[in-house]
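Q: Predicted model and sequence below, questions to follow.
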Amino acid sequence: METVDVDLAGRSYPVWIGPGLIADSARWRAAIRGRHVLVVSNTTVAPLYLDALAKGLDGLHWSSYLIGDGEIHKTFANVERVLEALGEFGATRDACVIALGGGVVGDLAGFAAACWMRGIDFIQVPTTLLAMVDSSVGGKTGVNLPVGKNLAGAFHQPRAVVADIDVLTTLPQREYRAGLAEVVKGAAIGDPDFFAWLEAHADELAAREAAPLIEAIARKCRYKAGVVARDETEQGERALLNLGHTFGHALETAGNYSEILHGEGVAIGMVLAAHLSERLGMSPGGDTARLVALLQRLGLPTEPSKAHAASRLLELMRLDKKNTAGTLRLILWRGIGKAQIVSGVAEADVLAVLA
Ligand SMILES: NC(=O)c1ccc[n+]([C@@H]2O[C@H](COP(=O)([O-])OP(=O)(O)OC[C@H]3O[C@@H](n4cnc5c(N)ncnc54)[C@H](O)[C@@H]3O)[C@@H](O)[C@H]2O)c1
Ligand SMILES: O=C(O)C(=O)C[C@@H](O)[C@H](O)[C@H](O)COP(=O)(O)O
Ligand SMILES: [Zn+2]
């Protein structure tokens, strides 16, 4: 097992990564401070793993609330339903929410925990690769709005992250690949050695071999934990974790959150950001080719669908949270291991790349 510590003074927490962790309740139960627990999950994950998790809740007063499966359920309406469930359950300030699922459940349950009585404890039990390497770590919680991705939310750190890699055996292949996109992103932004390691181990990772998989999850979490510890609320460096996301989120929103997966949007978005960076003379073309090749070896898409007009995507990009005063602020790429926040990117250049 690997442990990654997210160092945030009084709100520090561990990320445990390895097999058999859901059953190992002696480890994670200490993170539950009160006696009331609401497990939030979805209709696909709960039948698979809720019973196993519940064994560790013996002796506590616990209940569960399930949302529907998919990105379209990451809504304000569902946050309200979780809050109502907390009310019916009689949750007091010492109650704890456990998010059992992928990034959709984690973001939504975490946001509900941030809202209930202005903030109660929550624990992340990520069940997708994407949630293990990214969404369960760092405390960004929230929901989508019809006008844009993650436009409502809060920073609210979990008390612990329990990444039991055994659950990945039931994860569909497309979802597994989507998680690898966020692993590649971390290496592309800030760790050239990790990028080279991913190139060397791409086939084993695509085949879900346990040892390289644990190493990849831990390396990505360690990298992200460092960024979050230095810049918890995205005043600067943390924005780099958004490489590819301005494009990717626009593609997700344009497809009404049902056409492409988040990780697929990130893969395509990173390639678009790389092309834009090349166009602006910031990044060497050879590195873009390496990025595209790695993503393709991992089974990820690297080009956007032609179904959405460039002008529509640009309109959605104008609502990105990184923008200021009508100015596009994008994460651009200086080649493998180097990303940069750039303000005032000309819309004409963005349109040219999208077209
Ligand atoms: N908060 C953050 O920092 C952060 C970071 C990255 C992504 N996100 C968000 O995460 C979301 C994407 O998360 P995701 O990719 O995990 O998607 P998801 O939560 O929709 O899960 C993907 C699919 O896998 C299913 N599933 C989950 N675990 C399973 C398992 N073990 N076995 C079988 N099926 C399983 C789910 O039911 C779902 O159908 C997006 O909303 C994205 O914006 C947030
Ligand atoms: O943790 C972060 O910071 C990230 O940006 C991680 C992203 O992978 C993730 O998709 C996040 O939800 C995006 O946040 P947003 O602020 O662009 O909504
Ligand atoms: Zn992401």
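A: Received it, and whenever you're ready, just let me know what you need. Numbers count the residues shown, from 1 in each chain. Ligands and ions are numbered 1, 2, ... in the order given.
Q: For the one residue in the stretch 1-150 of the chain that gets nearest to ligand 2, give me the pLDDT.
A: Nearest residue of the stretch 1-150 of the chain to ligand 2: Asn150, at 3.2 Å (C-beta to the nearest ligand atom). The C-beta positions use only the backbone N, C-alpha and C, and glycine is treated the same way. Predicted confidence (pLDDT) for Asn150: 97.
Q: same thing with Gly326?
A: Value listed for Gly326 in the pLDDT field: 84.
Q: roughly how far apart are it and Ile123?
A: Gly326 is 40 Å from Ile123, where distance means C-beta to C-beta, to the nearest Å.
Q: Quick one: check the longest helix belonging to the chain for contact with ligand 2.
A: Taking DSSP state H as the criterion, the chain has its longest helix at helix 210-230. No. Helix 210-230 stays clear of ligand 2 (C-beta under 6 Å from any ligand atom), getting no nearer than 6.6 Å.
Q: now check that helix, is it near ligand 1?
A: No. Using C-beta under 6 Å from any ligand atom, helix 210-230 stays clear of ligand 1, with a minimum separation of 8.3 Å.
Q: do stretch 85-102 and ligand 2 meet?
A: No. Shown here: stretch 85-102 not in contact with ligand 2 (C-beta under 6 Å from any ligand atom), separated by at least 12.1 Å.
Q: Just the residues contacting stretch 201-218, thanks.
A: 2, 4, 17-19, 129, 132-133, 163, 165, 168, 176-177, 180, 183, 198, 294, 297-299 (C-beta atoms under 8 Å, 6 or more residues apart in numbering).
Q: Can you show me the helices along the chain?
A: 25-28, 45-55, 76-89, 103-115, 129-130, 173-190, 192-206, 210-230, 245-254, 262-279, 285-297, 310-317, 347-354.
Q: Can you say which of the ones you listed is packed in most?
A: Scoring the helices of the chain by mean neighbour count under mean count of other C-beta atoms under 10 Å gives helix 129-130 as the most buried, with a mean of 29.
Q: chain center to that helix, what's the gap?
A: 8 Å (C-alpha atoms, centre = their mean, to the nearest Å).
Q: what packs against it?
A: Taking 3 or more C-beta pairs under 8 Å, 6 or more residues apart in numbering; DSSP states H and E as the contact definition, the neighbouring helices and strands of helix 129-130 are helix 173-190.
Q: State the pLDDT value of Arg222.
A: Confidence for Arg222, expressed as pLDDT, is 98.
Q: Tell me which residues touch the closest residue to Val6 other than its chain neighbours, please.
A: Excluding its sequence neighbours, the residue lying closest to Val6 (C-beta to C-beta, 6 or more residues apart in numbering) is Ala225, at 4.5 Å. Counting by C-beta under 8 Å, 6+ apart, Ala225 makes contact with 4-7, 15, 137-138.
Q: which of those residues are close to ligand 2?
A: Contacts with ligand 2 within those, counted by C-beta under 6 Å from any ligand atom: Gly138.
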